[in-house]
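Student: Generate a structure from the sequence data that follows.
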Amino acid sequence: MTRFEPDRKTYVQSHTTMAALAMGIGMVVLWMMDNPHVWTGAIGGLAAVALRGWYLMDEELSHTWEMSGDTLSGPAGRVVPLTQIAEVKSIGSAVQIITRAGDKHLIKFQADPQGTITRIKAAQSNSGEQA
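Tutor: Numbering: from 1, shown residues only. Purely as a prediction, here's the structure:
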């Protein structure tokens, strides 16, 4: 069995990037509105992302995916047979699984998304040989 667990450091890095973007966007919006206190956009953006990150951290870091045999299982009872995976790609620190039926699943906050993709594709190849 292979486990794909979210990485705490990657979670923090992702939220740091989101905070920087939110700060910049907040400042630009206030500047476009001719607000004399543009700097408050940075504070608002930082506060929003920091609060979100703190509030969701425990939940997001508990979402573990497991691959055993010919099945990929995730949080909330998600089960994806490896033979039904049409595409596996990275989106930032997440790995997106797209099934033949069009369902999409994210394995979030992977320290090495390419390594996760490689392991899933290798297992998928082995599963295809056995079928």
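Student: Leu72 sits in which helix or strand?
Tutor: Using DSSP states H and E, Leu72 sits within strand 71-73.
Student: Not counting that strand itself, show me its contacts.
Tutor: With CB atoms under 8 Å, 6 or more residues apart in numbering as the test, strand 71-73 has contacts from 65-67, 79-82, 85, 97, 120. Every residue, glycine included, has its C-beta placed from N, CA and C.
Student: Helices - which of those land there?
Tutor: Filtering the contacts of strand 71-73 for membership in helices, criterion DSSP state H, returns Ile120.
Student: which one is Glu5 nearest to, not counting chain neighbours?
Tutor: Spatial nearest neighbour of Glu5, excluding adjacent residues (CB to CB, 6 or more residues apart in numbering): Thr64 at 4.9 Å.
Student: Over to His15?
Tutor: Nearest in space to His15, with sequence neighbours left out and distances taken as CB to CB, 6+ apart, is Gly53 at 4.0 Å.
Student: Quick one: list the elements packing against whichever helix or strand the one you found is part of.
Tutor: Per DSSP H and E, Gly53 falls inside helix 39-60. Here helix 39-60 touches helix 8-32, going by 3 or more CB pairs under 8 Å, 6 or more residues apart in numbering; DSSP states H and E.
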